[in-house]
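Colleague: give me a model of this one.
(chains A and B)
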Number of protein chains: 2
Amino acid sequence: MHPLPLSATPAYRALAAHFNEVRDLQMRTMFAQEPDRFDRLSIEAAGLLLDYSKNRVNAHTMQLLRQLARERKVEERRNAMFAGEKINSTEHRAVLHTALRMPRDASLLIDGQDVVKEVHAVLDHIHAFTDRVRSGQWIGHTGKPITDIVNIGIGGSDLGPEMACRALRSFAHPRMRFHFVSNVDGHDMDAVLSQVNRETTLFIVASKTFTTRETMMNAQTARSWFLQGGNEAVLAKHFVAVSTNISAVRSFGIDPENMFPFWDWVGGRYSIWSAIGLSLALAIGFDAFSEFLAGGHAMDQHFRSAPLESNMPATLGLLGVWYRNFFGSASLSIAPYHQDLSQFPAYLQQLEMESNGKRVTMEGNSVEVATCPVVWGDVGTNGQHAYFQLLHQGTDITPVDFIAALKPAHDLAGHHAVLLANCFAQSEAFMRGKSAEEVRTEMQAQNIDAAEIAALLPHRTFPGNRPSNTILMDALTPYTLGALVALYEHKVFVQGIVWGINSFDQWGVELGKVLAKNIETELAGEPRPEMHDGSTNALIARARAANAG
Amino acid sequence: MHPLPLSATPAYRALAAHFNEVRDLQMRTMFAQEPDRFDRLSIEAAGLLLDYSKNRVNAHTMQLLRQLARERKVEERRNAMFAGEKINSTEHRAVLHTALRMPRDASLLIDGQDVVKEVHAVLDHIHAFTDRVRSGQWIGHTGKPITDIVNIGIGGSDLGPEMACRALRSFAHPRMRFHFVSNVDGHDMDAVLSQVNRETTLFIVASKTFTTRETMMNAQTARSWFLQGGNEAVLAKHFVAVSTNISAVRSFGIDPENMFPFWDWVGGRYSIWSAIGLSLALAIGFDAFSEFLAGGHAMDQHFRSAPLESNMPATLGLLGVWYRNFFGSASLSIAPYHQDLSQFPAYLQQLEMESNGKRVTMEGNSVEVATCPVVWGDVGTNGQHAYFQLLHQGTDITPVDFIAALKPAHDLAGHHAVLLANCFAQSEAFMRGKSAEEVRTEMQAQNIDAAEIAALLPHRTFPGNRPSNTILMDALTPYTLGALVALYEHKVFVQGIVWGINSFDQWGVELGKVLAKNIETELAGEPRPEMHDGSTNALIARARAANAG
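Modeller: Modelled structure (predicted):
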């Protein structure tokens, strides 16, 4: 597809040369010299503001980065994605999570089918079902309304719904509690089962194929637990499925009427917008779920239509490439200054790292540059009291994405201003740092003696010039959360195209599955040491000895 | 203290030369050639097994790494720490979290005081108090026993207790629920207050100085909430403090009898062993809390006495240096295969990154090599369905620490074997990978056509040779959790000594605090644009506009 490897393209080479010129530029100086820097380096779209002015870029950097995007055909590939071309080439599939958030009056023909029509048929089903459960019309086997929803899924069938249910906690139905069981570790299911009641619990089993090992084991355990207290005839009042495997769903005991399907053009990590979002729709109601879809769609419209110069996902993606491939930053820290976004870093870990943690191009050649960084983080202000020390004074440059809502959803006085002050102050501190001279002046003003000043000066100095983005929204709502998730989805897409990789497959999860199956057999039966190395054999032996008898 | 910068020391130079010889060695080959590799490269101590045989090291590597530790005087500095010398040089303090877990019959004189005696006096106080609350003898203002504990703290006053309470969930008192509020974001406290009852809730305010901004704001909000439903006279039945500021504690309305102190030789991120562990002691009871201390102490004894060749924390620390400084790994992934250890990666983030995220040596010189990597992770098997793609097939080498317990604390059939099989299979997969030839053979056996094999081959190949440690315990108990935490504490210590930095200060948190105070004033009063850059001013203006009127 690309005639040249990335590092040999004109734009990449120009960026490499440019990097050598600007690598030592100080953001402090650039801000002093450019009164319009914020205005030039910020974008508003779909209810979000991206301030990217605290980055180590000048106007020429951005121009070259956008040139790189054009050379790599980001816009053409974007259009191909939206048009439903089979851009997931290793799996021969279209990539159409954007169709999941298209309005009812739109249409998109794929292989002769209007997928928008199919999407809205499932949405109507979700609408009717969630209305019944929320209103109390759907009752458990002893006639009581549902109080607890247990979502059983893993990966994309877990991270999206859990992240979004937490994020939109203040919009949730007051009667219902939401639980998410993903880990095959029995401690996960055990903890949830100890908190819920058979009469008022609804389990959602979310697995496209209804064969995912972890999910089906957890589902069977939930089923056994349920059957202790009732009988098979009433199981369908307490279990529904998000799946496409109708025969497996039926033989589990779930009424096929309560099976919510999705399509092979929805990747797991892009599935929150599909029936996988059922638990979210139950939590916030169908109207609010539609707002979530509308926020995602608004970001789609922006991504499709805005020129690269004012395109928020493209800009975010290109800045990531700049730090990863030129500054050598190996990770990206996500800092939501909103407690309800506590799961957003974990959500992005899958979205970014499973999409772009690849080392071969679409064509099967080695990518000659670094691809996806590690994505990690925690809510502010907590991170400030944990690992921000390293971000300020460690030896690496780690870019940070700050995310904040201007208005809170609670009425506790004073807290929100302190929260926002901390958010803005951290990006300011990363950018400006504190010079030795500033530290000295301050310590002298405090009458600290010269020897102590000399001893502490290097420890109290901050190098600064550390980059960050700030993403602001008026309030965290279904709409702005939808826009935020879609922003990062498209950012990941842009980076995948620049790197020339397929962001939509995940071959790297296969090997572990196969090996686990072997070891599972050996833990239950006879060890086969010839299949393993000495370490794995020793670990298997320990596990067998501990659980013998 | 050190005459030579780290990179100029004989051992470091020898390691650099050795690295060039061994960088391409395959672990697969080494396992094939060394039948005793697991036996040589594993250590047992304090109830833990460390299997470090799946690392890119040979016998000579380990010898050189231990030589580096000797040259950097790890053993002398370790002894100085245990002896109570003021090794936290920038703050002129001893570092004695190890004294918190010394048995009652020990003694350690610091400045003429026997700190072990002081420690056990506070432990006795904790014992008496936690017995009263757990038995129901301590009652709320309407005569009911306590059902909910809300720990208000941040950083070390939050991460340790929360991590340990979750980890030891299956040992916890069935009547009591535990909540942890840390974020100054009002959504955090708001969510907790909506779940608890004034009559049966006990708040623990954990702040050494009783001035920590976030903690005191949350404590005041909790106090106001409580006073809506009762009166000041009964406040002392519902609030206790972990602090040393007796006058501030008293004026808050807490009975000084219910103030649990600790000492300036306990750093925040090492304070779970002190009165900061009060919520843990309430959860699991004092006997189990003593077991937790005993596990930590057992690891201390091992660390003090075992030669470097069989010293678990030293080995773990040196392997980290090997990857960080020679392979250039910028992060370390923590993979607990135990749902109840879900907060352990967040706990280690603070422990490692706040301790060793430094760029100047004790003497104030620039550290010329990379120091602490980013530490991140999530429980297995969840990570497998999220970011393991990148670990297997991404462009960087990210070492992984696997942690597992051989026996579960639940009786759900089948789950635990599948969990352990996955844990062992992942380390096996990282180590061995899957060659193009293996993929081809497999695909041919499945009768896949040649063109498809050619297209998919590079995508389905795993480079392997990716390193990991596996830490096993028989079961996750207070004792083994104590040993595990102490293992990482001492690992961090060893790395700090090798890098020549002070692992016990945290000057990097100061600047943000000062800047936040300024911005807070501007959000409430008048903006002072002359103090900031254009970005920070614009963000402040947005926040003021959104919250005006």
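Colleague: just give the nearest non-adjacent residue to whichever residue of the stretch 201-350 of chain A sits closest to chain B, would you?
Modeller: Proximity of the stretch 201-350 of chain A to chain B (CB to the nearest CB) peaks at A:Ala330, 3.5 Å away. For the C-beta atoms, the positions are set from N, CA and C on the backbone; glycine is no exception. Distances taken as CB to CB, 6 or more residues apart in numbering or on different chains place B:Ala330 nearest to A:Ala330, at 3.5 Å, with adjacent residues excluded.
Colleague: which ones are touching the one you found?
Modeller: Contact partners of B:Ala330, counting by CB atoms under 8 Å, 6 or more residues apart in numbering or on different chains, are A:330-331, A:374, A:396, B:324, B:370, B:373-374, B:396.
Colleague: give me every residue that touches the most centrally placed residue in chain A.
Modeller: For chain A, A:Leu348 is the residue whose C-alpha lies nearest the centre (CA atoms, centre = their mean; 2.4 Å). Neighbouring residues of A:Leu348 by CB under 8 Å, 6+ apart: A:334, A:375, A:488.
Colleague: and which of these is nearest A:His127?
Modeller: Among the contacts of A:Leu348, A:Tyr488 lies closest to A:His127 (CB to CB), at 26.8 Å.
Colleague: now for the contacts of B:Ala330, which pair is the farthest apart?
Modeller: It's A:Val374 and B:Ala370 that sit farthest apart of those, by CB to CB, at 14.9 Å.
Colleague: torsion angles phi and psi at A:Tyr337?
Modeller: For A:Tyr337, the backbone dihedrals (degrees, to the nearest 10) come out as phi -90, psi 60.
Colleague: who does the helix-or-strand element of chain A with minimal mean pLDDT pair up with?
Modeller: For chain A, using mean pLDDT, DSSP states H and E, the weakest element among its helices and strands is strand A:109-110, scoring a mean of 92. Counting by DSSP bridges, the strands paired with strand A:109-110 are strand A:113-114 (antiparallel).
Colleague: after the strand it pairs with, which helix or strand is next?
Modeller: Next in sequence after strand A:113-114, counting helices and strands by DSSP states H and E, comes helix A:115-135.
Colleague: for that next one, buried residues please.
Modeller: Buried positions in helix A:115-135, judged by neighbour count with 16 or more other CB atoms under 10 Å in any protein chain shown: A:115-116, A:118-120, A:122-123, A:125-127, A:129-131, A:133-134.
Colleague: please pull up the helix or strand immediately following that helix.
Modeller: strand A:148-152.
Colleague: right, is that next one up against chain B?
Modeller: No - counting by CB under 8 Å from any CB of the partner chain, chain B is not contacted by strand A:148-152; separation bottoms out at 13.0 Å.
Colleague: what is the mean pLDDT for that strand?
Modeller: Taken as a whole, strand A:148-152 has a mean pLDDT of 98.
Colleague: list the buried residues in that strand.
Modeller: Neighbour-count burial for strand A:148-152 [16+ other CB under 10 Å]: A:148-152.
Colleague: again, but for stretch A:75-82
Modeller: In stretch A:75-82, counting by 16+ other CB under 10 Å, buried: A:75, A:77-78, A:80-82.
Colleague: put the alpha carbons of that stretch into PDB.
Modeller: The C-alpha trace of stretch A:75-82 is given here as PDB (Å, rounded to 0.1, in the frame of the first residue of the first chain):
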ATOM      1  CA  GLU A  75      -7.900  11.100   4.900                       C
ATOM      2  CA  GLU A  76      -8.400   8.500   2.200                       C
ATOM      3  CA  ARG A  77      -8.200   5.700   4.700                       C
ATOM      4  CA  ARG A  78     -10.600   7.500   7.000                       C
ATOM      5  CA  ASN A  79     -13.100   7.700   4.100                       C
ATOM      6  CA  ALA A  80     -12.600   4.100   3.400                       C
ATOM      7  CA  MET A  81     -13.400   3.200   7.000                       C
ATOM      8  CA  PHE A  82     -16.600   5.200   7.000                       C
END
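Colleague: state the mean pLDDT of that stretch.
Modeller: In the prediction, stretch A:75-82 has an average pLDDT of 98.
Colleague: how about stretch A:129-138?
Modeller: Here the average pLDDT along stretch A:129-138 is 98.
Colleague: quick one: distance of that stretch to the chain centre.
Modeller: With CA atoms, centre = their mean, to the nearest Å as the basis, stretch A:129-138 stands 29 Å off its chain's centre.
Colleague: next one: stretch A:539-549
Modeller: 37 Å.
Colleague: sec struct for A:Phe203, please.
Modeller: Following DSSP: H, G, I helix; E, B strand; the rest coil, the label given to A:Phe203 is strand.
Colleague: nearest spatial neighbour of A:Ala404, skipping sequence neighbours?
Modeller: Excluding the flanking residues, the one nearest A:Ala404 by CB to CB, 6+ apart is A:Tyr337, at 4.2 Å.
Colleague: what's the answer for A:Val240, then?
Modeller: Nearest to A:Val240 is A:Asn258, by CB to CB, 6+ apart, at 4.0 Å.
Colleague: tally up the residues packed near that neighbour, please.
Modeller: A count of neighbours around A:Asn258, defined by other CB atoms under 10 Å in any protein chain shown, yields 18.
Colleague: check A:Leu202 too.
Modeller: Neighbour count of A:Leu202, defined by other CB under 10 Å: 23.
Colleague: what's near enough to touch the nearest residue to it once chain neighbours are set aside?
Modeller: Excluding the flanking residues, the one nearest A:Leu202 by CB to CB, 6+ apart is A:Ile146, at 4.7 Å. Residues counted as contacts of A:Ile146 (CB under 8 Å, 6+ apart) are A:133, A:136, A:138-140, A:176, A:200-202.
Colleague: what do you get for A:Asp131?
Modeller: By CB under 8 Å, 6+ apart, the residues touching A:Asp131 are A:137, A:286.
Colleague: so which residues on the stretch 1-150 of chain A come close to chain B?
Modeller: Residues of the stretch 1-150 of chain A lying near chain B (CB under 8 Å from any CB): A:27-28, A:31-32, A:34-38, A:42, A:49, A:51, A:53-54, A:90.
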